[in-house]
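Colleague: Quick one: sequence plus predicted model below, questions after.
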Amino acid sequence: MTLRPSDIADPLLTNERAALAVSLGESHFREFKSGLQGAPTAKQVRPATDICKDIAATLVAFANADGGELLIGVEDSGDVTGLNDLRAGDIDLLLRAPKSHVHADTPLQSVHATKATLGSRIVLYFSIPKSNFGIHLTSDGKCLQRRDLESLPVSPQKISFDRRESRSREYDRDYIDGVSLASLDANLVRVVANQISPGMSAEKCLQYLGLADYDALAGLRLRRAALLLFAQHPENVHPRLQVRILKIKGVELGSGANYNVTADVVVRNNVLNLINEAWDQLRTHLVQTKLGSEARFEITYMYPEHACREALVNAIAHRDYSDEGQGIEIFVFDDRIELRNPGGLLSPISVDDIQAMKGVHQSRNSYISRTLRETGFMRELGEGMRRIFELMKSNELAPPHIESRVDAFSLALFHRPMYSAQELLWLEQYERFQLSAEQKAIVLLGRKDSLISPQDIWDRLGLVDTEHYRLLVSSLQKIGVLETRVPKKKAQDLAKKRRVSVRAIPRFVIALAKDIAAPARKGRRIDNERESSGQNRIQETYGDGVRATLFVGNLPPSVNERDILGVFDPFGEIARVTIPQSGNRSKGYGFVEFESADDVRKLMDAQPVLRLGPYTLVLRHALPRMRR
């Protein structure tokens, strides 16, 4: 609660506000401090210097957070014990504490401090708004911030990051006065409106996208996002609404006499036009011309086109537009393309989450992002970055490198194989088989001539589909690359003996290429997006794999794979057990996949009552998994 000077000038109003604060109790915006210390039956007046430190620390914490009010002479419980026993000089000392006990280089702004009377008790009332001018410290150099009911130590850098992030999140949603539809590119708005709904007016289009609101007095009010997206004169909206593309000879940017930039192009426009125009400039750097095997010059792509376009769109959509001093920069080196844009990752997202392709997302520019999704420039939030990683992997290129700082984010796409020199040497011997990227990943598991378990293959490729796994294994077995060393029956016996799933038993080995007879036909590549006819052949061979999986509900909080195997082993051969976890406890359900769909059918027909301790299990066929 922030007080105006006119409020403070009237003692009656101050008394009312102090009484109201006491009645509301402590909160994120309100703190009480006692003027007493000691045992309940032997209370004594606290030294004024100690109270001064409390005043300064609390007001600094409020200023570094969202503002608040402080009452001195009130207990945490809300009981008013007052400061009546303090000397008059001590009261004046406490009122000066917001200045005397705050660091001289970080003075507090707009502090209100005054005496108030609650009943017959004297209390001191302080209030301070949220600071927008800097980060504040106490006189002994402590940086504090209010969090719920506490004033906690925090680094100045963290406060700076939080404020910057908050400002950047609000930038595109602010309403801008003094602008109208005339400020926008009318043709561009019309194109977008017709794309959303043929015949839709510009006003309705902007309101539908959340870019404008109608006010009875002011008329149509435009958000800043509308100007960034559609501005007729972008240079008047944002000084760095641009993408700069630099072509560099070599793998590092030189300076001075070693400055090695061979091309430097700056593209300026509103966001929607900027995407297309910047892409036209960037795509010329994605190809290289080489002398081919038939003595002719051939043009080949060094990077996946879609990955580079996704990266460009992400940079434009998610940059920090509140930083008006910087624009997006793209450096095209000999070995990589590096995109750098203002604004680091938002606090809920980490680099590790992105690299693990979890699909995490937070939208800094929510209105810009929505428009880009509605117009088809962007996929769903979180999908763009995951798509980039998948495209680089499917093209057998090294994974992208991500770096995030407080004020900047960079993404590098490399023109180099995803395999090490040793892995490439190993794969060379299998070149005649024309293996897919997934087949190569399985072959690399056998580099050290060790046995490979089905689970190794599942984990290496991140598989979620049984038919996909069987197709991969079958294709490698047909050409002789993958050999079975441990028969399935023996693997099943070992699994029962060890109380593990069959998938955990090592069974396969990778044959050396020189020992494999020439294949009758070349191993075909397996695409993640398989043709429907191929999928039909899989179903004919293996049946409906989904029906081989049971959903098991009402699991105990503490359950493991061995427990599940003990219950379901009598009903058939179990290929895999999955128990989703929340912390160290199960979520109360799991999945049991059998080798044979017939076993599942028999089990469900019998409808046995299965228990784990006091828990009666709930069984049903698992729903089909969504395929990407």
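Modeller: Nice, thanks for sending it over.
Colleague: Mind giving me the packing neighbours of the one helix or strand Leu13 maps to?
Modeller: Assigned by DSSP states H and E, Leu13 falls within helix 11-24. Applying 3 or more Cβ pairs under 8 Å, 6 or more residues apart in numbering; DSSP states H and E, one finds that helix 11-24 makes contact with helix 5-9, strand 30-33, strand 68-72, strand 112-118, strand 121-128. No exception for glycine: its C-beta is placed from N, CA and C like everyone else's.
Colleague: got the angle for that helix vs strand 68-72?
Modeller: Put simply, helix 11-24 runs at 100 degrees to strand 68-72, going by axes from the mean of the first three to the mean of the last three Cα atoms, to 10 degrees.
Colleague: pull the CA atoms of helix 11-24 into CSV?
Modeller: Output of helix 11-24 as CSV, limited to C-alpha atoms (Å, rounded to 0.1, in the frame of the first residue of the first chain):
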residue,chain,number,x,y,z
PRO,A,11,-2.5,12.4,11.5
LEU,A,12,-6.0,11.1,11.5
LEU,A,13,-5.6,9.5,8.1
THR,A,14,-2.3,8.1,9.2
ASN,A,15,-3.9,6.6,12.3
GLU,A,16,-6.6,5.0,10.2
ARG,A,17,-4.2,3.5,7.8
ALA,A,18,-2.0,2.1,10.6
ALA,A,19,-5.1,0.6,12.2
LEU,A,20,-6.2,-0.9,8.9
ALA,A,21,-2.7,-2.4,8.4
VAL,A,22,-2.7,-4.0,11.9
SER,A,23,-6.2,-5.5,11.2
LEU,A,24,-5.0,-7.0,7.9
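Colleague: now it and strand 121-128, what's the angle there?
Modeller: Going by the same axes, to 10 degrees, helix 11-24 makes 90 degrees with strand 121-128.
Colleague: quick one on the thing from earlier: lowest mean pLDDT across the helices and strands packed on helix 11-24, which one is that?
Modeller: When the helices and strands packed on helix 11-24 are ranked by mean pLDDT, helix 5-9 comes last with a mean of 41.
Colleague: right, so of the helices and strands packed on helix 11-24, which gets closest to Leu86?
Modeller: In terms of Cβ to Cβ, the element of those nearest to Leu86 is strand 121-128, at 8.1 Å.
Colleague: what sits up against the closest one?
Modeller: With contact meaning Cβ atoms under 8 Å, 6 or more residues apart in numbering, strand 121-128 is reached by 1-3, 14, 17-18, 21, 55, 58-59, 62-63, 67-74, 80-84, 91, 94-95, 98, 108-117.
Colleague: for the helix holding Leu13, which positions count as buried?
Modeller: Neighbour-count burial for helix 11-24, counted by 16 or more other Cβ atoms under 10 Å, picks out 14-15, 17-19, 21-22.
Colleague: isn't there a strand covering Ile330?
Modeller: Yes. When classified by DSSP: H, G, I helix; E, B strand; the rest coil, Ile330 is found to be part of a strand.
Colleague: what's the nearest residue to it once chain neighbours are set aside in contact with, if anything?
Modeller: Distance criterion Cβ to Cβ, 6 or more residues apart in numbering; nearest residue to Ile330, sequence neighbours excluded, is Ile245 at 4.7 Å. Neighbouring residues of Ile245 by Cβ under 8 Å, 6+ apart: 263-267, 278, 281-282, 285, 329-330, 332.
Colleague: next helix or strand past the helix or strand bottoming out on mean pLDDT in the chain?
Modeller: In the chain, the helix or strand scored least confidently by mean pLDDT, DSSP states H and E is helix 532-542, which has a mean of 36. Next in sequence after helix 532-542, counting helices and strands by DSSP H and E, comes strand 549-553.
Colleague: Parallel or antiparallel, which strands does that next one pair with?
Modeller: Taking DSSP bridges as the criterion, strand 549-553 forms sheet pairs with strand 589-594 (antiparallel), strand 618-621 (antiparallel).
Colleague: Select, out of those strands, the one closest to Glu390.
Modeller: Glu390 lies closest, by Cβ to Cβ, to one member of these: strand 589-594, at 24.6 Å.
Colleague: Show me what whichever helix or strand comes after the closest one is packed against.
Modeller: Proceeding N to C from strand 589-594, the next assigned helix or strand is helix 597-606, under DSSP H and E. If you count contacts as 3+ Cβ pairs under 8 Å, 6+ apart, helix 597-606 packs onto strand 549-553, strand 618-621.
Colleague: Tell me which residues of helix 597-606 come out buried.
Modeller: Those would be 597, 599-600, 603, for helix 597-606 by 16+ other Cβ under 10 Å.
Colleague: Let's have the residues you listed in TSV, adding pLDDT and distance to Leu272.
Modeller: Shown next, in TSV, are these (pLDDT from 0 to 100; distance: Cβ to Cβ, whole Å):
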residue	pLDDT	distance to Leu272
Ala597	84	51
Asp599	87	56
Val600	88	52
Leu603	89	57
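Colleague: What distance do you get for the residue nearest to Glu69 when sequence neighbours are not counted to Asp50?
Modeller: Excluding the flanking residues, the one nearest Glu69 by Cβ to Cβ, 6+ apart is Ser127, at 4.3 Å. Between Ser127 and Asp50 the computed distance is 22 Å (Cβ to Cβ, to the nearest Å).
Colleague: One more: Thr371?
Modeller: Distance from Thr371 to Asp50, counting by Cβ to Cβ: 56 Å.
Colleague: So between those two, which is more surrounded?
Modeller: Neighbours per residue, other Cβ atoms under 10 Å: of Thr371 and Asp50, the larger number sits with Thr371, 28 against 12.
Colleague: Was I right to think that one contacts Ala225?
Modeller: Yes. Thr371 is within contact range of Ala225, at 7.3 Å (criterion: Cβ atoms under 8 Å).
Colleague: Quick check: neighbours shared by these two?
Modeller: Listed as contacting both Thr371 and Ala225 by Cβ under 8 Å, 6+ apart are Leu211.
Colleague: for the stretch 251-400 of the chain, which spans come out with low pLDDT?
Modeller: Residue ranges of the stretch 251-400 of the chain with pLDDT under 70: 289-300, 347-350, 353-362, 379-382.
Colleague: same thing but 80
Modeller: The stretch 251-400 of the chain contains residues with pLDDT under 80 at 287-301, 345-363, 378-384.
Colleague: Can you select the buried ones among the contacts of Ile245 for me in PyMOL?
Modeller: Buried residues within these, by 16+ other Cβ under 10 Å, are selected in PyMOL with:
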select buried, resi 267+278+281+282+285+329+330+332
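Colleague: of all the contacts of Ile245, which two lie farthest apart?
Modeller: Val266 and His285 (15.0 Å).
Colleague: ok so, going back, now secondary structure too, for the contacts of Ile245, in JSON lines please.
Modeller: Output for the contacts of Ile245, formatted as JSON lines (three-state DSSP):
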{"residue": "Ala263", "secondary structure": "strand"}
{"residue": "Asp264", "secondary structure": "strand"}
{"residue": "Val265", "secondary structure": "strand"}
{"residue": "Val266", "secondary structure": "strand"}
{"residue": "Val267", "secondary structure": "strand"}
{"residue": "Ala278", "secondary structure": "helix"}
{"residue": "Gln281", "secondary structure": "helix"}
{"residue": "Leu282", "secondary structure": "helix"}
{"residue": "His285", "secondary structure": "helix"}
{"residue": "Glu329", "secondary structure": "strand"}
{"residue": "Ile330", "secondary structure": "strand"}
{"residue": "Val332", "secondary structure": "strand"}
